[in-house]
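**Q** missing the sequence, but the structure's below:
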């Protein structure tokens, strides 16, 4: 059986037709969809489909406990490669969208990776995180308040001041 492929203004996609699924689907249908898609999202990003399905699940709000180890692993692997900036940017977006109280250990792991090339991705992750109560109040992230990010600029300092509130 051939898989349906839809053409969209941004290119070829097999997931765009799922975007309206949340609206009319029952709770059981959503659970079934998650059960089918989750194994494809939570596997090595060597398969480009895993990356797309991960993004769909995290952006859709259907899942709030995705395993962030795959994007964080890839960021760690590519952190010192100048040409990988686009991939790191995409993976950071996955971390931001997938961030929840259930996977903070992977968010923390990402924020602890020390590389001058990653600071531009880590600060926006912290900024987005501080908009969420679970992030600001997480005991495992209290170190951020006095971390290496302190003193980068006034805006970052203001973001870090929100930690613990």
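**A** That came through, no problem. A quick note: this is a predicted structure, and the numbers were derived from the prediction, not measured.
**Q** Please count neighbours and contacts with C-alpha atoms only from this point.
**A** Fine.
**Q** so what secondary structure elements neighbour whatever helix or strand residue 87 lives in?
**A** Here residue 87 sits within helix 85-98, counting by DSSP states H and E. If contacts are counted by 3 or more CA pairs under 8 Å, 6 or more residues apart in numbering; DSSP states H and E, helix 85-98 sits against helix 48-60, helix 69-78, helix 119-129.
**Q** Could you check it and say which residues are buried?
**A** For helix 85-98, the neighbour count (16 or more other CA atoms under 10 Å) marks 85, 88, 90-98 as buried.
**Q** any chance of the helices and strands packed on helix 85-98 in JSON lines, plus mean pLDDT?
**A** Below are those laid out as JSON lines (pLDDT from 0 to 100):
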{"stretch": "helix 48-60", "mean pLDDT": "87"}
{"stretch": "helix 69-78", "mean pLDDT": "94"}
{"stretch": "helix 119-129", "mean pLDDT": "96"}
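**Q** before we move on, back to that, the buried residues of helix 85-98: which two are farthest apart?
**A** The most widely separated members of the buried residues of helix 85-98 are 85 and 98, with 19.7 Å between them, by CA to CA.
**Q** circling back to that earlier point, how about the helices and strands packed on helix 85-98 in CSV, adding distance to residue 158 and mean neighbour count?
**A** Listed next are the helices and strands packed on helix 85-98 as CSV, based on distance: least, CA to CA, whole Å; neighbours: other CA atoms under 10 Å:
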stretch, distance to residue 158, mean neighbour count
helix 48-60, 27, 19
helix 69-78, 26, 19
helix 119-129, 10, 18
